[in-house]
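Undergrad: Predicted structure and sequence below. I'll ask about it afterward.
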Amino acid sequence: MFKKNLYFFLTFIIINFSCYPAKAIKNEIIVKIDDNIITAYELKNKLKTSIILSNQELNQLNIDKNKGRALAYLINLKLKTNELIRYKVEIDKLNVNKQLLTLSSNNLNEFKKKFKKFGINFELFENELKVETAWKQLMFRIYKNKVKINQEEINKQVLNYVQNNLSITELKISEIEINLDKNSNYKNEVDLIKKEILKNGFEQTAYKLSTSASSKNFGNIGWVNSDSLAPEVSKILSNLKIGEISEPIKELNNLLFLKLTDKRISKPNEINVEELKKRLIDQKENELFNLYSRSHLSKLKNNSLIEYK
């Protein structure tokens, strides 16, 4: 019964939220994705949400500046929603509620009042969180057997550290990751991100613009062993002071900005080896799941008919 209700709920999202409210220009279709649609109302709501949550002024200039990214996000959201319905994924309501409490600084009523003040449909925002949470669950279900961790390599890292009595440098990192398509202008994208960071700060920019899974945590990745990072990334971070932001890093089709938020040195007798091992494994698993997630979404996009009205 629960799964049937869930299926109905997600189907309701596609049919009704895309058409909400069902009158006049608010119902104007701007993009069609196979049998799904995005309306002008949804785009307007997403734009206002992004602008308000990133503490920008709600004006036409910011609306025009953010329109492309907001529309791209909604297209991805519709593709994800279709896939969730196809796989009949159950929504983890507890996880969604925790995210809402974190975003609202444990004051959900005031958070909702802010949305109402600016005429933003809170249900659409809540739906975004539901879809993103369920999408992570789906990626785990599909790819968990493909995510292979080289235990020998992990053990070597830990053993090498202990045997050589070396200290471990752990870095607390935040990121902004931007997917670049073939039509993206690299310089323009870099300039846009830098301006956003300067105006709204790194964390708000990550929440608003980053395409990484860490965006919902304002770009926060957490503590990372510097030895587990790619050499070029480790070198870049080693030259940063706490609070500083890296120059843009180009990785395949992604643009990456990193911020060093904290740093600590641990000695062997001060660290739990099993805890270290678990952190290394978790980090590697997250990297692989993010990779599979981007690949899966890209395939969905390539196999869908997307028409701009």
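TA: Thanks, I have it. Everything numeric here is computed off the predicted structure, so don't read it as measured data. Residues are numbered from 1 along each chain as shown.

Undergrad: got a list of what L47 touches?
TA: Residues near L47 by Cβ atoms under 8 Å, 6 or more residues apart in numbering: 63, 66-67, 70. All C-beta atoms are positioned from the backbone trio N, CA, C, and that covers glycine.

Undergrad: now the residues you listed: which count as buried?
TA: Neighbour counting by 16 or more other Cβ atoms under 10 Å classes 63, 66, 70 among these as buried.

Undergrad: Quick check on the closest residue to K208 other than its chain neighbours: phi, psi?
TA: Closest residue in space to K208, ignoring its immediate chain neighbours: S54 at 4.1 Å, by Cβ to Cβ, 6 or more residues apart in numbering. For S54, the backbone dihedrals are phi -100, psi 10 (criterion: degrees, to the nearest 10).

Undergrad: On the pLDDT front, check S54 for me.
TA: According to the prediction, S54 has pLDDT 85.

Undergrad: F202 too?
TA: 92.

Undergrad: picking that back up, identify those among the contacts of L47 that sit within helices.
TA: Among these, the residues falling in helices (DSSP state H) are 63, 66-67, 70.

Undergrad: Identify each buried residue in stretch 55-75, please.
TA: Buried residues in stretch 55-75, counted by 16+ other Cβ under 10 Å: 56, 62-63, 65-66, 69-71, 73-75.

Undergrad: now those in a markdown table, with distance to S226?
TA: As requested, the buried residues of stretch 55-75 are exported to a markdown table (distance: Cβ to Cβ, whole Å):
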| residue | distance to S226 |
| --- | --- |
| Q56 | 34 |
| N62 | 37 |
| I63 | 41 |
| K65 | 36 |
| N66 | 35 |
| R69 | 32 |
| A70 | 36 |
| L71 | 38 |
| Y73 | 32 |
| L74 | 37 |
| I75 | 37 |
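
Undergrad: which one of these is nearest L255?
TA: Comparing the buried residues of stretch 55-75 against L255 with Cβ to Cβ places R69 closest, at 12.9 Å.

Undergrad: Looking at the ones in helices among the contacts of L47, spot the one nearest I197.
TA: Among those, N66 lies closest to I197 (Cβ to Cβ), at 14.9 Å.

Undergrad: The closest one and K44: what is the separation?
TA: N66 sits 11 Å away from K44, taking Cβ to Cβ, to the nearest Å as the criterion.

Undergrad: same deal with I168?
TA: Between I168 and K44 the distance is 49 Å, computed by Cβ to Cβ.

Undergrad: try K144
TA: For K144 relative to K44 (Cβ to Cβ), the value is 38 Å.

Undergrad: Which of these two has more residues huddled nearby?
TA: Counted by other Cβ atoms under 10 Å, K144 and K44 do not tie: K44 has more neighbours, with 18 against 11.

Undergrad: Tell me which helix or strand that one sits in.
TA: K44 is part of helix 40-53, with elements assigned from DSSP states H and E.

Undergrad: any idea how far that helix is from the chain center?
TA: Taking the mean of its C-alpha atoms, helix 40-53 sits 17 Å from the chain's own mean (Cα atoms, centre = their mean, to the nearest Å).

Undergrad: before we move on, what about stretch 200-220?
TA: 7 Å.

Undergrad: Could you list the buried residues of that stretch?
TA: Under 16+ other Cβ under 10 Å, the buried positions of stretch 200-220 are 200, 202-220.

Undergrad: ranges for the strands of the stretch 201-309 of the chain?
TA: Along the stretch 201-309 of the chain, counting by DSSP state E, counting those that start in this stretch, strands occupy 220-225, 249-251, 254-266, 306-308.

Undergrad: and these, which one's lowest on average pLDDT?
TA: Among those, strand 249-251 carries the lowest mean pLDDT, a mean of 83.

Undergrad: Can you give me every residue that contacts D35?
TA: For D35, no residue meets the contact criterion (Cβ under 8 Å, 6+ apart).

Undergrad: For it, give me the pLDDT.
TA: With respect to pLDDT, D35 scores 85.

Undergrad: if we can go back for a sec, what number of residues lie near the residue nearest to K208?
TA: When neighbours are defined as other Cβ under 10 Å, S54 has 20 of them.

Undergrad: Can you show me the helices along the protein?
TA: Taking DSSP H, the helices of the chain run over residues 2-12, 40-53, 60-87, 93-103, 108-117, 122-143, 151-163, 186-200, 202-209, 231-238, 273-302.

Undergrad: Point out the most buried one among these.
TA: Most buried of the helices of the chain, by mean neighbour count (mean count of other Cβ atoms under 10 Å): helix 202-209, with a mean of 22.
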